[in-house]
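Colleague: sequence? don't have it. structure:
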């Protein structure tokens with residue numbers, strides 16, 4: 001028995017269903033994120049990761065990346081967590097991520 005594949009128009013891409021995405025913060029001392037597709041940068045004051053829902057910025061003091069597993073989409077960070085924000089505002093549209101970061 002043959003299976004039929006749906007036809008797509010040229011240039012039409014198959015849309016992926018968003019993966020499971022969640023953020024868990026424990027006592028402002030650790031953050032666990034699911035749904036991370038890339039880690040752009042990290043240091044002791046910030047961790048910047050890309051998710052299917054936007055660029056996620058974790059800010060704090062003495063941050064340490066405990067685990068990065070891009071195959072499963074896991075990111076674990078410890079330290080003193082000051083804030084978490086998505087960087088996809090309309091004010092930055094049309095600029096590169098780095099351009100928005102250093103404005």
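Modeller: That came in fine, so what should we check first? Quantities reported herein were computed from a predicted structural model and do not represent experimental measurements.

Colleague: use CA for all of it now, contacts and neighbours both
Modeller: Noted.

Colleague: residues of the longest strand anywhere in the chain that come out buried?
Modeller: Counting residues, the longest strand found in the chain (DSSP state E) is strand 54-69. For strand 54-69, the neighbour count (16 or more other CA atoms under 10 Å) marks 55-60, 63-65, 68 as buried.

Colleague: same thing with stretch 67-86?
Modeller: Across stretch 67-86, burial judged by 16+ other CA under 10 Å covers 68, 73-81, 84.

Colleague: Just put the residues you listed in a markdown table and tack on secondary structure and distance to residue 33.
Modeller: Putting the buried residues of stretch 67-86 into a markdown table (DSSP: H, G, I helix; E, B strand; the rest coil; distance: CA to CA, whole Å) gives the following:
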| residue | secondary structure | distance to residue 33 |
| --- | --- | --- |
| 68 | strand | 10 |
| 73 | coil | 8 |
| 74 | strand | 6 |
| 75 | strand | 5 |
| 76 | strand | 6 |
| 77 | strand | 9 |
| 78 | strand | 12 |
| 79 | strand | 15 |
| 80 | strand | 16 |
| 81 | strand | 13 |
| 84 | strand | 11 |
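
Colleague: Most widely separated two among those?
Modeller: Among the buried residues of stretch 67-86, the pair separated by the greatest distance (CA to CA) is 73 and 80, at 22.5 Å.
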